[in-house]
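Enquirer: how would this look folded up:
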Amino acid sequence: MSLMSNNVIPGNHGRIFGTNATEDIDLKEIKKAIQLLDGVTDVVVNNHVFPREITIYSNKIIDIHQIENKVKSVGFHAIPKDSLEI
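Expert: Numbering: from 1, shown residues only. Purely as a prediction, here's the structure:
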C-alpha cells in the first residue's frame, strides 16, 4: 500500500478505473457523480474497451475509496487499474 496505489495523484497522467457499467446513460451518471468530488478536474470515459474504462484527473490527492463509493452510489462498481509509470 502506497500513496500511488491508494490515491488519484494530481497531474496530467490521471488514474484509470474499470467499471461494470455498459450503457451510455449509466456511464454519464457515473461521470456526473465522480465530478462532484472535490479536486476532480476531468473524467474521461472510454467506450471502446470492455470492461469500460474511466480515467480520472485531479488537482489534489483523492482517495480511491471516495471514487469507489461515489460509483457505488449510482449502482455500479469502479475498480482501479494498475498505476501508470510516471
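Enquirer: give the contact list for Pro10.
Expert: 39, 58-61 (C-beta atoms under 8 Å, 6 or more residues apart in numbering). C-beta: built from backbone N, CA, C; applies to glycine.
Enquirer: tell me which of those is nearest to Val45?
Expert: Nearest to Val45 among these, counting by C-beta to C-beta, is Ser58 at 16.1 Å.
Enquirer: Would you quantify the distance from His77 to Leu3?
Expert: In this view, His77 and Leu3 are 23 Å apart by C-beta to C-beta, to the nearest Å.
Enquirer: higher neighbour count, these two?
Expert: More crowded of His77 and Leu3, by other C-beta atoms under 10 Å: His77, with 15 against 9.
Enquirer: hang on, the more buried one packs against Thr19?
Expert: Yes - taking C-beta atoms under 8 Å as the definition, His77 is a contact partner of Thr19 at 6.4 Å.
Enquirer: Please determine how far Gly39 is located from Asp26.
Expert: From Gly39 over to Asp26 the distance is 24 Å, taken as C-beta to C-beta.
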